[in-house]
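**Q** This is a predicted model, with the sequence first.
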Amino acid sequence: MDKQPELGSLQRAFARCLVQLEAKILGDGFEFTLGEGYRSPEQAAINSLSLFDRARVRAILETKYPVLAEAIGVSTSHGIRNSVHTRKLAQDLNLFKGGEFLTVAEDYAPFGAFWKTLHPLARWGGDFKDSQGKPASDADHFSFEYQGVR
């Protein structure tokens, strides 16, 4: 089995590749805003909960911590507890063309293809599948694989 590169080295390589992706997006006449980059382990744990479980946690927190309960209640992000966002190896980008926010995976596909050419560990969320093998709606996600997590 190949040895995993040191995390700090991967984070720096990820940042260099992200700059190249951003330049490509701008050079192709698109614009972007930064979505989620770093995700705290606490947020990753929340994102990994089902909406049912989030409602249960919200109910527990409501009396003593209403602001926190509200934040958990409105969060509908999906994810995994061991997200590469917690390792500073992922960035979500919101793509725009002519001022219009693009939400269809096909709009991101050329940039996903480009991203994957930049590094052997580069992964694009548009390639991800859900538990039923259907395409996951994560086209705005650009990451490096780390310890088997994309």
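**A** Arrived safely.
**Q** residue contacts, residue 83?
**A** Each residue near residue 83 by CB atoms under 8 Å, 6 or more residues apart in numbering is listed here: 39, 44, 47, 90, 149. Bear in mind the C-beta positions are built from the backbone N, C-alpha and C, glycine included.
**Q** now, among the residues you listed, which is nearest to residue 72?
**A** residue 47 (10.4 Å; CB to CB).
**Q** Could you find the closest non-adjacent residue to the closest one?
**A** residue 79 (3.5 Å; CB to CB, 6 or more residues apart in numbering).
**Q** The one you found belongs to a helix?
**A** No. Counting by DSSP: H, G, I helix; E, B strand; the rest coil, residue 79 is not found in a helix; it is coil.
**Q** and it, how many neighbours?
**A** For residue 79, the neighbour count with other CB atoms under 10 Å is 19.
**Q** That one touches residue 45, doesn't it?
**A** No. Contact between residue 79 and residue 45 fails when scored by CB atoms under 8 Å: they sit 9.4 Å apart.
**Q** Please pick out the residue of the chain most distant from its centre.
**A** residue 63 (31.9 Å; CA atoms, centre = their mean).
**Q** Just after the top helix by length along the chain, pick out the following helix or strand.
**A** Secondary structure of the chain read by DSSP state H shows that its longest helix is helix 7-27. Using DSSP states H and E, the helix or strand that follows helix 7-27 towards the C-terminus is strand 31-34.
**Q** Parallel or antiparallel, list what pairs with that following strand.
**A** According to DSSP bridges, strand 31-34 forms sheet pairs with strand 90-97 (antiparallel).
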